[in-house]
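**Student:** next comes the sequence, and after it the predicted model I'd like to discuss.
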There are 2 protein chains.
Amino acid sequence: MKTSFLMTPGPTQVPPRVSLAMAQEIIHHRQPAFGNILKNVSEKLQKVFQTQNDVLIFPGAGTGAMEGAVVNFFSPGDKVVFGVIGEFGDRWAKIAEIFGLQPIRLGGEWGKAVTARDIDLLLSSDAGKGVKGVFITHNETSTGVYSDLESIGEVCRKHNVLFLVDAVSSLLAIDCKTDAWGVDVVITASQKALMTPPGLCFFSVSPKAWEYNKAAKCPRYYWDLASALKSLKKPMPENPYTPAVTLIFGLNEALDMIMTEGLDQIFTRHLKLSKMFRTGVETLGLELFVKDEKIASPAVTSIMIPEGIEAGKITGFFRNNGIVIAGGQAQLKGKVIRVGHLGYVDAFDISNTIITLGRAFKSQGKVLNVEAAVAKAWEVYDRD
Amino acid sequence: MKTSFLMTPGPTQVPPRVSLAMAQEIIHHRQPAFGNILKNVSEKLQKVFQTQNDVLIFPGAGTGAMEGAVVNFFSPGDKVVFGVIGEFGDRWAKIAEIFGLQPIRLGGEWGKAVTARDIDLLLSSDAGKGVKGVFITHNETSTGVYSDLESIGEVCRKHNVLFLVDAVSSLLAIDCKTDAWGVDVVITASQKALMTPPGLCFFSVSPKAWEYNKAAKCPRYYWDLASALKSLKKPMPENPYTPAVTLIFGLNEALDMIMTEGLDQIFTRHLKLSKMFRTGVETLGLELFVKDEKIASPAVTSIMIPEGIEAGKITGFFRNNGIVIAGGQAQLKGKVIRVGHLGYVDAFDISNTIITLGRAFKSQGKVLNVEAAVAKAWEVYDRD
């Protein structure tokens, strides 16, 4: 095979335009040419985040943004709620614990979503008294479940708590109306639907969150958002310390591609491709881990591994045959395989993945209905 | 001018080979192909760091490594010493303060070095009782002074304190014999003499530092070095969270260039070019900020701005004429300009910078002896 195509939930495939933009000559980060790019990129990011809030860029991984969202708005001892429905919600709560917060973990069952009602019940109970913030994983990459931010946002407003969302693997793949839904802090990273290599992470911060920021006592320097805002608001926008210049070149190019395609078209594409893929998987005769379509992620799909098949053999077959998919994480290790369909992805990629699923299972002695699956998948694609 | 050539103390010019390596197709960070690169890069980094210690790579800026070096080895309340002879030593001490350490700031006069004797006196005094670590900026980018790590290392061993070095702007530009000189923790970043764009930072960690790490109580998750080591030591080396894959492609290529040139040749080149440049500056009739050649950095040179000349006009002339240099930072703002000569730099770059200095000052009504400066500079280059 000519390539090692990524159908993983991140990093995702990088468009050649983006790669070439990153290969251009480097410039210094404290000169007007870079200041202009930074300003331009920040404005485009506001559109992508659907917000009037400040959007800040840091050199780092998504996990860094998770830490930043904890240390910038809270103090040791603060009571906060985490929706934990998979690996990443769990990681976020762990970070809060390490920095001395008192996280209440809500949820727990992997493959299910935490609902607005769950949160409302908790915040209305004695256990929920004094809670200062609610942390929600928009798209739980480890399971392929997504949360309904709109209804959760309503509950957070009702109880007057800060609403923080990990949109690392969801932004642009799943609609996130930051301002309209009252999300105070949204974090994401470059290597998912933003189609840029890993190494950048982002924060959008509401006026209410900036109020929290003033009172927050967790120690912070690298992830200090107030310092980043101060630098960004200079007449010539800059960063408190050296930004990842070439990755920002790439991001700038990716954002132009995103603006050209349009947010609505991008959301529709992701939804359409995930439906196409889910149809293919079911027609193959495989079982989807997330059966309820209402919470099934348009960004990533987990597929159950049938009794007697080794998950590693399936992901290994894929790797040796030109496509990379992911295995299960933590408690789902060996039980599911995960396919990412976000970012720079189209129907051919979905079709190829369905065919490769068929070939992979066949190599393990399990014959699936590939012809029907491919036909049905394209039918769904052409119909929608 | 065809370009905006960086003669800044970082980011530095990126070789086309490195840029092209970063434009290659992205791969996933949890597949064997990436594990092999990570292993290979880590081994080459050990050579560059001149150490048998583990070298760990993180997505982030040099400032992140500064924070990491504080939180991984110490606890709130710990007494530590910082050599502060400029902006970056000051920043490091500030980070320690934010995380609850008790920093003793030693030094203070910008343009001078902190010596082994200064540290020995302090650690032998009552004020130095109970000190657990000594933090030294190898090359103070804000002034152009470098510290003698060998003698400071001896003092640290004598007093049995941890020795931590910020080699962000020095590694490869100035010799740093990590193991031979007993440096427990060395940090650096990608965008200096490593000739890679900004976005990666590095830690080398000695066995003694790992002992400190076990006892350290500062909160940490993103910068958790023990977690990074655990991932690196897996049969298939990996990272605790998504690494900056394309930057690591670039680094891998840059390290191959570095191995080909050889460490000794690289140190010699930097020394030679800095002598060439200092000769040129003095022959122009300008004053060097660091007069003592024994502490003058082979990586960056600060030049005093004469009475009546506006520093911003000089850096502005440069910017409009194809070369980027830096102004002064903090207390040196407006008083000096700074020229970086590290990484992918040669004698033509130095020669062009001397000529441009002459033209820049001429534009401000101050005529310098450019012809003599260029001739003398090349003479020094050809002689050494």
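**Tutor:** Structure received.

**Student:** residue ranges of the helices in the stretch 101-250 of chain A, please?
**Tutor:** Per DSSP state H, counting those that start in this stretch, the stretch 101-250 of chain A carries helices over the ranges A:116-124, A:149-159, A:207-215, A:225-232, A:245-261.

**Student:** out of those, which one sits most buried?
**Tutor:** helix A:245-261 (a mean of 21; mean count of other C-beta atoms under 10 Å in any protein chain shown). No exception for glycine: its C-beta is placed from N, CA and C like everyone else's.

**Student:** so which elements touch it?
**Tutor:** With contacts taken as 3 or more C-beta pairs under 8 Å, 6 or more residues apart in numbering or on different chains; DSSP states H and E, helix A:245-261 sits against helix A:16-22, helix A:32-48, strand A:54-59, strand A:200-205, helix B:245-261.

**Student:** picking up where we left off before, with mean pLDDT and distance to residue B:228 as added columns, please give the helices of the stretch 101-250 of chain A in a markdown table.
**Tutor:** What follows is the helices of the stretch 101-250 of chain A, written out as a markdown table (pLDDT from 0 to 100; distance: least, C-beta to C-beta, whole Å):
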| stretch | mean pLDDT | distance to residue B:228 |
| --- | --- | --- |
| helix A:116-124 | 98 | 34 |
| helix A:149-159 | 98 | 32 |
| helix A:207-215 | 98 | 28 |
| helix A:225-232 | 98 | 24 |
| helix A:245-261 | 98 | 20 |
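
**Student:** count the neighbours of the residue of the stretch 51-200 of chain A found nearest chain B for me.
**Tutor:** Per C-beta to the nearest C-beta, residue A:199 is where the stretch 51-200 of chain A lies closest to chain B, at 3.4 Å. Neighbourhood size, residue A:199 [other C-beta atoms under 10 Å in any protein chain shown]: 32.

**Student:** show me how the record splits chain A into domains.
**Tutor:** Structural domains assigned to chain A are A:16-260, A:262-383, following automatic domain parsing.

**Student:** most tightly packed of those?
**Tutor:** Buried most deeply of the domains of chain A, by mean count of other C-beta under 10 Å, is domain A:16-260, with a mean of 22.

**Student:** how far off centre is that domain?
**Tutor:** 10 Å (C-alpha atoms, centre = their mean, to the nearest Å).

**Student:** and it, how far apart are its ends?
**Tutor:** 16 Å (C-alpha to C-alpha, to the nearest Å).

**Student:** contact residues of the stretch 1-150 of chain A facing chain B?
**Tutor:** A:3-4, A:6, A:8, A:10-11, A:13-14, A:19-20, A:22-31, A:33, A:59-64, A:67, A:94-95, A:98-100 (C-beta under 8 Å from any C-beta of the partner chain).

**Student:** quick one: which of these sit in strands?
**Tutor:** Using DSSP state E, the subset of the residues of the stretch 1-150 of chain A next to chain B located in strands is A:6, A:59.

**Student:** and residue A:90, helix, strand or coil?
**Tutor:** Secondary structure, DSSP: H, G, I helix; E, B strand; the rest coil: residue A:90 is helix.

**Student:** thought residue A:97 was touching it, still the case?
**Tutor:** No - counting by C-beta atoms under 8 Å, residue A:90 does not reach residue A:97; the two are 10.5 Å apart.

**Student:** secondary structure class for residue A:302?
**Tutor:** Going by three-state DSSP: residue A:302 is strand.

**Student:** how near is the residue lying closest to the residue of the stretch 51-200 of chain A closest to chain B once chain neighbours are set aside to residue A:67?
**Tutor:** The shortest distance from residue A:199 to any non-neighbouring residue, by C-beta to C-beta, 6 or more residues apart in numbering or on different chains, is to residue B:244 (3.4 Å). Going from residue B:244 to residue A:67 by C-beta to C-beta, to the nearest Å gives 17 Å.

**Student:** do residue A:327 as well
**Tutor:** Taken as C-beta to C-beta, the span from residue A:327 to residue A:67 is 25 Å.

**Student:** picking up where we left off before, could you export the helices and strands packed on helix A:245-261 to JSON lines, including columns for distance to residue A:233?
**Tutor:** Below are those laid out as JSON lines (distance: least, C-beta to C-beta, whole Å):
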{"stretch": "helix A:16-22", "distance to residue A:233": "26"}
{"stretch": "helix A:32-48", "distance to residue A:233": "10"}
{"stretch": "strand A:54-59", "distance to residue A:233": "8"}
{"stretch": "strand A:200-205", "distance to residue A:233": "13"}
{"stretch": "helix B:245-261", "distance to residue A:233": "28"}
